[in-house]
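Trainee: Take this sequence and fold it.
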Amino acid sequence: RGLHLDELDADAFRLLKRYGLSDVQIAHLTGSDELTVRTCRKLLGVRPAFKTVDTCAAEFPSTTAYHYKTYDADETEVAPKTKKRAMILGAGPNRIGQGIEFDYCCVHASYALAEAGFETIMVNCNPETVSTDYDTSDKLYFEPLTFEDVMDIVDVERPDGVVVTLGGQTPLKLANALAAAGVPIMGTSPESIDLAEDRDRFSAILDELGITYPAAGMASTFEEACVVADQIGFPLLVRPSYVLGGRGMGIVYDGAQLEKYMVEAAKISPDHPVYLDRFLEGAVEVDLDALCDGEAVYVGGVLEHIEMAGIHSGDSACCTPPFALSEAVQANLRSIARQLALRLGVVGLINIQFAIKDQVIYIIEANPRASRTVPFVSKATGVPLAKLAARVMAGERIADLGLPPDDRRLEHFSVKEAVMPFGRFPGADTVLGPEMKSTGEVMGIARNFPAAFAKTQLAISYALPAGGTVFVSVCDRDKRAIVSIARDVVRLGFRLVATGGTARALRAAGVACEEVKKIHEGTPNVRDMIAAGEVSLMINTPFGHATRADGYELRLEAVKHGVTHVTNLAGAQAMVAGMEVARASGLAVVALQDLPQWG
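Mentor: Here you go, the predicted model:
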């Protein structure tokens, strides 16, 4: 017989809480729900106490307001309210495949709200962040970002507003529950957040505004997925719902890959459907970060991705201002962003991801929150978007902020490049895809795009290939496009070697190269060359994500021996252009302080 909620008295509740059971767990054990358990617990007078961490070991009075929750004490040690309070929900623990960029946004918001006269309260549970430093906010609660823990803090602090849109998806998912509990949400309302998050409602808004988006569908079984695939057509971008960092996302090219994917997706997110989108192969991807106050929209930056669509935005290198998009296309992107932000009712930041294919602009998604590109855009343009978003959420108007025109021409190019952890994970495939793999990022600034890109490569690997042998092996769809890159490599004085199929395509186009055996074709082969240190740059583009093939082995060898390698043509093109600029004119130093700063 299961335990019933009515059988729990105050002592039983207190015992369960001291053993660390959450309201959700108690609800599961008693066949109830979290809200009922919470209400019952509070009616019985079982509430946590908040104690202050004594950072001075009682030697002299401590002024740091670090608080923690406990059920082992009765008295709460929280200072009484003296002025209006703003509570900021952080990004929570960081994992590989998540950025630390949201922490930047929370910290800047805390500074801005403090300047606006608020007492600032940070809620986060990650010790390795700036948001949990003692001097970032007036108070820090080192607690998990769950409904129960946040509400317990709300009960004690009674904040005048809670910020949920600067810590990424983790706090954003709490918005509806907090609002329903009567918590005042600062900035974009939970209703507006839901408009953007709910695919059907969002699609209806795009239809209303006449904005194009890729055909899409949802499926919970392989049979349903087949029906969607018949309607939309392959290739498909497939992903489980409610996951962070693109976890479990993939691109499928046929029915066999789709069946295998649906089995794996059921393990990742068993209670939720899988989203299937028409994959716009070869499209240029663009990120746009904007600020909206409900009346006006300020476009903080337009970022052109270097890799084609299909690579997670956290792994893709990108450039602002765009290096290959026309002024007309950029104006169109800004116009769509303005329409959408106002229609959604955004108050604060919004990030929109576009794909441009055959001159048609498609919207991939819109997130009414801070994005991982906000810190980069803020540094590249000198306009601190996170601070401004906090001021807008506190009631200020964009028109009163005195911002520079958002379509002004910047005199420099800034490139963001992802730092990959492959050297620390032997056996992990280095092919980039829709699932995020990076663990950091670097920034390069220069007067032109190739030089800025070259600086990012120097920042990651400390050296650009200056000579030696370049090995090339590309899939069939890339054989025509590799020719111009190969010509540039030869012109720069590199020796060119390629596997059979690629070598034939290059020779047919008049590019001289030597042929080398694949790994399974016997020795000496390309793996022997890499192991001997004869290869200084490798360009290897696989087709799809069937990784346990010859290319997979090659990429492992490249990581093992520290060989610079690129797994997509756009990245290879940027790399070779950067190498040429670095060799021809050198790379001048540009400091952030040299750029125009606002505010």
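
Trainee: so Ile26 makes contact with Leu35?
Mentor: No. Assessed by CB atoms under 8 Å, Ile26 is found out of contact with Leu35, at 11.9 Å. Quick note: C-beta positions are derived from backbone N, CA and C, even for glycine.

Trainee: quick one: which of those two has more around it?
Mentor: Ile26 (23 against 15; other CB atoms under 10 Å).

Trainee: Next up, the contacts around the more buried one.
Mentor: Leu5, Leu8, Phe13, Leu16, Ser32, Val37 (CB atoms under 8 Å, 6 or more residues apart in numbering).

Trainee: I'd assumed the fifth one was in a strand, is it?
Mentor: No. The secondary structure assignment for Ser32 gives coil rather than a strand, going by DSSP: H, G, I helix; E, B strand; the rest coil.

Trainee: one step back: can you pick the most crowded of the contacts of Ile26?
Mentor: Result: Val37 is most packed of those (other CB under 10 Å), 25 neighbours.

Trainee: What values do phi and psi take at that residue?
Mentor: In terms of degrees, to the nearest 10, the main-chain angles of Val37 are phi -60, psi -40.

Trainee: which residues sit in contact with it?
Mentor: Contacts of Val37 by CB under 8 Å, 6+ apart are Leu5, Asp23, Ile26, Ala27, Thr30.

Trainee: okay if I get the residues you listed as CSV plus distance to Glu119?
Mentor: Output for the contacts of Val37, formatted as CSV (distance: CB to CB, whole Å):
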residue, distance to Glu119
Leu5, 37
Asp23, 28
Ile26, 33
Ala27, 33
Thr30, 38
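
Trainee: Hmm, which of these is lowest in pLDDT?
Mentor: By pLDDT, Leu5 ranks lowest within the contacts of Val37, coming in at 88.

Trainee: Determine the number of other residues adjacent to the closest residue to that residue other than its chain neighbours.
Mentor: Closest residue to Leu5 apart from its sequence neighbours, by CB to CB, 6 or more residues apart in numbering: Thr30 at 4.4 Å. Other residues near Thr30 come to 18 when the count uses other CB under 10 Å.

Trainee: do the same with Glu534
Mentor: 16.

Trainee: show me the residues around it that make contact.
Mentor: Counting by CB under 8 Å, 6+ apart, Glu534 makes contact with Gly468, Thr469.

Trainee: quick one, what contacts Ala10?
Mentor: Neighbour list for Ala10: Leu44, Gly45, Val46 [criterion: CB under 8 Å, 6+ apart].

Trainee: I should have written Met579 there, sorry.
Mentor: Ala454, Leu464, Pro465, Ala466, Leu492.

Trainee: Phi and psi next, for the closest residue to Val526 other than its chain neighbours.
Mentor: Distances taken as CB to CB, 6+ apart put Val516 closest to Val526, at 4.9 Å, once the chain neighbours are dropped. Backbone torsions of Val516, given as degrees, to the nearest 10, read phi -130, psi 150.

Trainee: returning to what we had before: so the residue nearest to Leu5 makes contact with Leu16?
Mentor: No. Applying CB under 8 Å, one finds Thr30 not in contact with Leu16, separated by 10.1 Å.

Trainee: burial of Val227, as a residue count?
Mentor: Per other CB under 10 Å, the neighbour tally for Val227 reads 12.

Trainee: separation between it and Ser220?
Mentor: The gap separating Val227 from Ser220 is 12 Å, by CB to CB, to the nearest Å.

Trainee: what distance separates the helix or strand that Met575 is a member of from the centre of its chain?
Mentor: Using DSSP states H and E, Met575 sits in helix 569-585. Averaging C-alpha positions (CA atoms, centre = their mean, to the nearest Å) puts helix 569-585 26 Å from its chain's average.

Trainee: before we move on, what about stretch 67-77?
Mentor: Taking the mean of its C-alpha atoms, stretch 67-77 sits 36 Å from the chain's own mean (CA atoms, centre = their mean).

Trainee: All further residue positions should be reported with the first residue as 9.
Mentor: Understood, numbering begins at 9; the last thing we discussed is stretch 75-85.

Trainee: can you list contacts of that stretch?
Mentor: With CB under 8 Å, 6+ apart as the test, stretch 75-85 has contacts from 22, 25-26, 54, 56-61, 86, 147-151, 157, 160-161, 164.

Trainee: what about 7 Å?
Mentor: 22, 25-26, 56-61, 86, 147-151, 157, 160, 164 (CB atoms under 7 Å, 6 or more residues apart in numbering).

Trainee: gap between the residue nearest to Leu37 when sequence neighbours are not counted and Arg26?
Mentor: Ranked by CB to CB, 6+ apart and with sequence neighbours excluded, the top spatial neighbour of Leu37 is Leu11, at 5.8 Å. From Leu11 across to Arg26, the span is 17 Å (CB to CB).

Trainee: More neighbours: these two, which one.
Mentor: Taking neighbours as other CB under 10 Å, Leu11 and Arg26 compare with Leu11 leading, 14 against 11.

Trainee: tell me the secondary structure for Leu299?
Mentor: Assigned state for Leu299: strand (three-state reduction, three-state DSSP).

Trainee: give me every residue that touches it.
Mentor: Taking CB under 7 Å, 6+ apart, we find Leu299 in contact with Tyr306, Gly308, Leu357, Leu393, Leu396, Ala397, Val400, Ile406.

Trainee: now, which of these sits nearest Ser544?
Mentor: Nearest to Ser544 among the contacts of Leu299: Gly308, at 38.5 Å, using CB to CB.
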